[in-house]
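*Asks:* With the sequence up front, the predicted model follows.
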Amino acid sequence: MSTEHLLAQILAKRSFLCIGLDTDPQQLPAGLQGEEDPVFAFNKAVIDATHHLCVAYKPNTAFYEAGGSRGWASLERTIAYLNTHYPDHFTIADAKRGDIGNTSGRYARAFFEGMDFDALTVAPYMGRDSVEPFLAFEGRFVILLALTSNPGAFDFQTLPCGTEELCLRVLRQSREYSHPERLMYVVGATKASYLSKVREVVPDAFLLIPGVGAQGGSLEEVCRYGMTDGVGLLVNSSRGIIYASQGEDFAAAATKAAATLQMEMAAILKAAGL
Ligand SMILES: O=c1ccn([C@@H]2O[C@H](COP(=O)(O)O)[C@@H](O)[C@H]2O)c(=O)[nH]1
């Protein structure tokens, strides 16, 4: 998918919502336990109930890896279902990969070729040669961790690095990598006030913003500091949507929670003249 297509979807749907499919097999409604693949059945129901309100889905691979081969099968079924039934949605594997180049190349094949995700989250810590193998895939995106939403982000990511904070250095230096147009960045909604500085370094790049909902980040603040003329934002909510109800009405509750965020987004887009 191209960023032009992503923006067209955002403007048509009046939504820059990304729904996180962080599906924990132990938190599924009892009614799904008899299914052959309860995790996939849950994801399918959530996707069918929310696709018109969002432009992206982001399974976090930890929730699938924890289930071993059964978990991987659920992830494979989920991405295949998305690509077959909702090909206009942007798909993100939140796996936070990155290793020596030879190994990164295999991770890239696993997520971009094996499973056909549009994008993968990557940790920048090992530097250029650990990131560039992911950037070699045309039509795919690397979402580099810049400033994460967790409290521990302040341990390293905001430390001085030369004349600026490390997270800004990550942004600046990554623009020198091959195919910078295939880069997006993670900035936590809980750190919204940093978005002005982020935008000074990457004025046009798309940002994936987790941390709205369960982690308490503010959508309004994120947009105030981070939105661009081309929107430039994908705002993620996982638990706040998929576990809006723990009961058998989970899909209807997910629709309602997603619609609440989508309506806020539509109002923000309108106010911005987009
Ligand atoms: O800085 C980061 C990077 C990734 N995440 C991931 O996003 C979702 C957030 O889930 P919620 O339930 O909406 O809190 C989850 O998969 C995280 O691992 C993040 O939160 N912060």
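*Replies:* Good, I have the coordinates. The structure displayed is predicted, hence computed values, not measured ones. Residues are numbered from 1 along each chain as shown.
*Asks:* For the host helix or strand of Tyr57, which strands pair with it and how are they oriented?
*Replies:* Assigned by DSSP states H and E, Tyr57 belongs to strand 56-58. If you go by DSSP bridges, strand 56-58 pairs up with strand 17-20 (parallel), strand 90-97 (parallel).
*Asks:* So what's the model's average confidence on the first one?
*Replies:* Mean per-residue pLDDT for strand 17-20: 98.
*Asks:* do the same with the longest one
*Replies:* Along strand 90-97, the predicted local confidence has a mean pLDDT of 98.
*Asks:* What are the contacting residues of it?
*Replies:* Contact partners of strand 90-97, identified using CB atoms under 8 Å, 6 or more residues apart in numbering, comprise 1, 6, 9, 18, 20, 55-61, 79, 82-83, 104, 107, 111, 115-123, 134, 143, 145, 208, 234. For every residue, glycine as well, the C-beta is placed using N, CA and C.
*Asks:* Repeat the analysis, applying 7 Å as the threshold.
*Replies:* Residues from elsewhere that reach strand 90-97 (CB atoms under 7 Å, 6 or more residues apart in numbering): 1, 6, 18, 55-61, 79, 82, 104, 107, 111, 115, 117-123, 143, 145, 208.
*Asks:* Show me what from the chain comes close to the ligand.
*Replies:* 20, 22, 60, 94, 148-149, 186, 188, 210-211, 213-215, 236-240 (CB under 6 Å from any ligand atom).
*Asks:* just the buried members of these?
*Replies:* With neighbours counted using 16 or more other CB atoms under 10 Å, the residues of the chain next to the ligand contain these buried positions: 20, 22, 60, 94, 148-149, 186, 188, 210-211, 213, 215, 236-238, 240.
*Asks:* nearest to Asp204, of the residues you listed?
*Replies:* Asp204 lies nearest to Val186 out of these, by CB to CB, at 16.5 Å.
*Asks:* Spell out the residue ranges of the strands in the protein.
*Replies:* 17-20, 56-58, 90-97, 119-122, 141-147, 160-161, 164-165, 183-187, 207-209, 233-237 (DSSP state E).
*Asks:* Out of the strands paired with strand 56-58, which one sits most buried?
*Replies:* Of all the strands paired with strand 56-58, strand 17-20 has the most neighbours on average by mean count of other CB atoms under 10 Å, namely a mean of 26.
*Asks:* hey, C-alpha coordinates of that strand in PDB?
*Replies:* Output of strand 17-20 as PDB, limited to C-alpha atoms (Å, rounded to 0.1, in the frame of the first residue of the first chain):
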ATOM      1  CA  LEU A  17      -7.900   4.900  13.800                       C
ATOM      2  CA  CYS A  18      -5.700   1.800  14.000                       C
ATOM      3  CA  ILE A  19      -7.200  -1.100  16.000                       C
ATOM      4  CA  GLY A  20      -4.800  -3.200  18.000                       C
END
